[in-house]
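# 3D, please:
(one chain, ligands or ions: 1)
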Amino acid sequence: MGLRFIFMLTRNDKTVSDAMTQLQAALSLGVRHIGFKDVGLPVEDLKSLNQAIQNKGATSYLEVVSLDRDSEIASARAAVEIGVDILLGGTRVDDTLPVLAGSGLEYYPFPGRITGRPSVLEGTIEEIAASARDLVSREGVHGLDLLAYRSPDQDVPQLIKAVCEAAGKPVIVAGSIADKDRIEAVHLAGAAGFTIGTAALDGEYPAAGEGLEAQLTAILRDVADLNGHLSPFGKKGLDAAFGTFSETWSPRVAGQVNDMQIKLAKFQGAFTWHFHEREDEMFMVHRGRLLMRFRDREEVIDAGEFIVVPHGVEHCPVALTDICEVVLLEPATTVNTGTASDERRMEELESV
Ligand code: NI
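Presented below is the predicted three-dimensional model:
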């Protein structure tokens, strides 16, 4: 599973008053993990937020703020009443687990000793890792919420790494992340995810424009990049993409869908007869006309039409117009000339 970005609808440990508006913006951009706190809005409003998150198939989180026992128990009760998917934070596992029993909620408490407000994580790396090991051994604890950057005088990546290794369960790093370097450090250290709230709401994340949408777009782009997705969330125009190159018979990678690649190619004249042992290929004509020759017949594909050539079937594409622009969808392992060797064989493709 890739790194999880959890967008917190909170500022200074409180759920923001316009959380529903911010939530709609986040959901429309494709944010899949969204959290809030049980402080700042009435419980009925929090229920509406939770419902809106879950209706979109996203995962909801409630993070415990309070440091005293009674309010921590109250937060756990609120999490059950609201119906969130995951309860983040808190340190009183013995008091919280009975409240959560049978609710189906996942629970990610804080390892280590938490003091003060804003919270500080105290102890050495060894002590915090020992606390992590102890917590995850409890039935009903599904992961941990680590205040890594609230730990003074620590090597933070070392701390995250030690806690992830000790836990062997998902570790979410909460607090004080506001740029790609920190997200990358969290990712490399083995964490399952991280939260950003105030920094995005206040426009602190480096982004191309103003406002929350630009903030979330930048974070989603950076997370997609770290997760190794070739296609970040963002549209691509075919006219513009085809305009970036002029070489013929030289496919460019425009995106990736799991193991499949979307390639753009300009055809001119006839290609070479070939087939692919394993890969099926889709040819969709964007501009121009394409003739697909088979040994027993031919098909003409016009702009807006496509043809799928199954693996094992010999074929020879021919441009019927001077240049024919084609969108290909095929497994990333596909080589353009298949089993044939031709000077137009391309193994390393550029991206557009
Ligand atoms: Ni082919």
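
# what's the nearest residue to R289 if we skip its chain neighbours?
L320 (4.0 Å; Cβ to Cβ, 6 or more residues apart in numbering). (Glycine included, C-beta is placed from N, CA and C.)

# can you tell me which residues contact the one you found?
L320 makes contacts with 288-291, 300, as judged by Cβ atoms under 8 Å, 6 or more residues apart in numbering.

# PyMOL command to pick out the buried ones of those?
Selecting only the buried entries of those in PyMOL, with 16 or more other Cβ atoms under 10 Å as the criterion:
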select buried, resi 288+290+291
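
# Tabulate the contacts of L320 (CSV), appending distance to A265.
CSV is the format used below for the contacts of L320 (distance: Cβ to Cβ, whole Å):
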residue, distance to A265
G288, 11
R289, 15
L290, 10
L291, 15
V300, 18
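
# What is the nearest of the contacts of L320 to R344?
For the contacts of L320, the closest approach to R344 (Cβ to Cβ) belongs to L290, at 16.3 Å.

# related to what we said a few turns ago, save the contacts of L320 as JSON lines, and put in distance to S176 and secondary structure too.
Converted to JSON lines, the contacts of L320 look like this (distance: Cβ to Cβ, whole Å; DSSP: H, G, I helix; E, B strand; the rest coil):
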{"residue": "G288", "distance to S176": "53", "secondary structure": "coil"}
{"residue": "R289", "distance to S176": "57", "secondary structure": "strand"}
{"residue": "L290", "distance to S176": "54", "secondary structure": "strand"}
{"residue": "L291", "distance to S176": "60", "secondary structure": "strand"}
{"residue": "V300", "distance to S176": "60", "secondary structure": "strand"}
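
# Neighbours of P317, how many?
A count of neighbours around P317, defined by other Cβ atoms under 10 Å, yields 26.

# And for G228?
Residues within reach of G228, counting by other Cβ under 10 Å, total 8.

# Please report how far it lies from L3.
10 Å (Cβ to Cβ, to the nearest Å).

# For the protein, name the helix or strand with the lowest mean pLDDT.
strand 252-257 (a mean of 88; mean pLDDT, DSSP states H and E).

# Check the model's average confidence along the following helix or strand past that one for me.
Using DSSP states H and E, the helix or strand that follows strand 252-257 towards the C-terminus is strand 260-267. Strand 260-267 shows an average pLDDT of 95 in the prediction.

# and the helix or strand just after strand 260-267, which residues are buried?
For strand 260-267, the following helix or strand on the C-terminal side (DSSP H and E) is strand 281-287. Using 16+ other Cβ under 10 Å as the test for burial, strand 281-287 gives 281, 283-286.

# Then stretch 310-320?
Per 16+ other Cβ under 10 Å, stretch 310-320 contains these buried residues: 314-319.

# re the thing from before, so how far is R287 from the residue nearest to R289?
12 Å.

# A265 and E247 touch, don't they?
No: look at A265 against E247 with Cβ atoms under 8 Å: they stay out of range, at 9.4 Å.

# Between the two, which has more neighbouring residues?
Shown here are A265 and E247; by other Cβ under 10 Å, A265 has more neighbours (24 against 12).

# can I assume L41 is in contact with M20?
No: assessed by Cβ under 8 Å, L41 is found out of contact with M20, at 9.2 Å.

# joint contacts of the two?
Common neighbours of L41 and M20 (Cβ under 8 Å, 6+ apart) are L49.

# Between the two, point out the one with more neighbours.
L41 (21 against 14).

# check contacts around the closest residue to the more buried one other than its chain neighbours.
Distance criterion Cβ to Cβ, 6+ apart; nearest residue to L41, sequence neighbours excluded, is T15 at 4.8 Å. Contact analysis of T15 by Cβ under 8 Å, 6+ apart lists 9, 36-41, 46, 49.
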